[in-house]
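Chemist: give the three-dimensional model of this entry:
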Amino acid sequence: MSESIARQWLSESSDTANNKQFKAHMNLISDRISLRGLPGYENINYEAWYKQCEDEFSNNVLKSVRYDGFKMETDTESRIIFKTFETVEAHDGKINRHGIEVLLEKEGDGVWRLVQERILSEDESRENGLI
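Modeler: This is a model prediction of the structure:
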């Protein structure tokens, strides 16, 4: 069941990003989001994530988002932790590829949202079979 929830979240995340559905995409992100491991940044919070998505969607910066590979780490009734490989391509040709560790949490309204994301090193991505 948890793997199905996680895979559905990944599908909705990429679909809403690829179709520039800002409101639907942000509904997948918790206001408690914490993104770690991004070079040059200690932590990305909800406000920064919101502003970046708003800019990328409204200015058609983003060309595509894709997730490949999947490794379940652990789960409970309200939390799921897994790893996947994310590819984000911009219209200017820039491509960011990296493994990520994802923590989804079922929030009070029953929606599974991204609470924490950690960018994995290339070695960690390889060790987890993501590349």
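Chemist: can we go C-alpha only for contacts and neighbour counts from here?
Modeler: Fine.
Chemist: what's the longest helix in the chain?
Modeler: Using DSSP state H to define each element, the chain has its longest helix at helix 2-18.
Chemist: from the contact counts, what lies against it?
Modeler: On a contact count with 3 or more C-alpha pairs under 8 Å, 6 or more residues apart in numbering; DSSP states H and E, helix 2-18 meets helix 22-26, strand 62-75, strand 79-90.
Chemist: report the rounded mean pLDDT for stretch 31-49.
Modeler: Regarding stretch 31-49, the rounded mean pLDDT is 90.
Chemist: contacts for that stretch?
Modeler: Defining contact as C-alpha atoms under 8 Å, 6 or more residues apart in numbering, one finds that stretch 31-49 is touched by 29-30, 114-120.
Chemist: so which of those sit within helices?
Modeler: Per DSSP H, those never map to helices.
Chemist: and the furthest pair within those?
Modeler: Ser30 and Leu120 (20.6 Å; C-alpha to C-alpha).
Chemist: follow-up on the earlier one: what angle separates the longest helix of the chain from strand 79-90?
Modeler: 30 degrees (axes from the mean of the first three to the mean of the last three C-alpha atoms, to 10 degrees).
Chemist: next, the angle strand 62-75 makes with helix 2-18.
Modeler: Using the same axes, to 10 degrees: helix 2-18 against strand 62-75 is 160 degrees.
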